[in-house]
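# sequence and predicted structure below; questions after.
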Amino acid sequence: MTTYRIAPSILSADFARLGEEVRNVVAAGADIIHFDVMDNHYVPNLTIGPLVCQAIRPHVDVPIDVHLMVKPVDRIIPDFAKAGANIITFHPEASEHIDRTLQLIRDHGCKAGLVFNPGTPMHYLEHVMDKIDMILIMSVNPGFGGQSFIPEALKKIAIARRMIDESGRDIMLEVDGGIKAENIAAAAAAGADTFVAGSAIFGKPDYKAVIDAMREQLETVANSVGK
């Protein structure tokens, strides 16, 4: 039985009351808090750092999933681990030594993962699957919230799912970008089990209603494949 996880992205939350926002979205049924870090260098936007992660950590018991869109990446990993991150993912293009960066994350007590942009090839995974706890497929180009889902990402999700199954390892397969109740089933059918949603959740007045609608769609996928 596949375990599906909903991971609201606080990039779309109200930053003036962030503690309240993360508490509310967890109460509404979120499994993970997704934390987008952008540096205005690797991506054309600037967001939040370790101090914000440290500030929200006491407000929630669920894992904090930190997606680093920064280059270079190694310097800031220990800061996020210390701030309370549970999962840290990064882009292979942002590291000179991918194996070393994955090991650095694990050495600091966090789960480690790689992130693949729409145009990034999957071959980076071939020799590091033993250090991977999460694969994140971007279904938009990184840098801004509120973008539309790129359907080609479904093919990449399917490739990642096959690689995970062949590895025999327990690796989460996350998708991020334009996810909403209307397309979450397609992403799940392709093989994703963890779903990042920002504006689709935080842009609505009733977080629970949105998350419940997403879970209903995921349940139809689970039932259709007899899981």
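Sure thing, it's come through.

# quick one: contacts of the longest helix belonging to the chain?
Once the chain is assigned using DSSP state H, the helix that runs over the most residues is helix 207-224. By C-beta atoms under 8 Å, 6 or more residues apart in numbering, the surrounding residues in contact with helix 207-224 are 1-2, 4, 6, 8, 24-25, 27-30, 180-181, 184-185, 188-189, 195, 197, 200-201, 204. (Glycine included, C-beta is placed from N, CA and C.)

# and those residues, which are buried?
When the contacts of helix 207-224 are checked for burial by 16 or more other C-beta atoms under 10 Å, the buried set is 4, 6, 8, 24-25, 28-30, 180-181, 184-185, 188-189, 195, 197, 200-201.

# test my guess that residue 64 contacts residue 31.
No. Checked against C-beta atoms under 8 Å, the pair residue 64 and residue 31 is beyond contact range at 11.6 Å.

# quick one: the helices in this protein?
18-27, 50-56, 77-83, 98-107, 153-167, 184-190, 199-202, 207-224.

# could those helices be laid out in a markdown table, adding mean pLDDT and distance to residue 36?
Listed next are the helices of the chain as a markdown table, based on pLDDT from 0 to 100; distance: least, C-beta to C-beta, whole Å:
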| stretch | mean pLDDT | distance to residue 36 |
| --- | --- | --- |
| helix 18-27 | 98 | 13 |
| helix 50-56 | 98 | 11 |
| helix 77-83 | 98 | 12 |
| helix 98-107 | 98 | 17 |
| helix 153-167 | 97 | 17 |
| helix 184-190 | 97 | 18 |
| helix 199-202 | 95 | 12 |
| helix 207-224 | 95 | 18 |
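
# could those helices go into JSON lines alongside distance to residue 125?
Below are the helices of the chain laid out as JSON lines (distance: least, C-beta to C-beta, whole Å):
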{"stretch": "helix 18-27", "distance to residue 125": "30"}
{"stretch": "helix 50-56", "distance to residue 125": "26"}
{"stretch": "helix 77-83", "distance to residue 125": "19"}
{"stretch": "helix 98-107", "distance to residue 125": "9"}
{"stretch": "helix 153-167", "distance to residue 125": "6"}
{"stretch": "helix 184-190", "distance to residue 125": "17"}
{"stretch": "helix 199-202", "distance to residue 125": "28"}
{"stretch": "helix 207-224", "distance to residue 125": "24"}
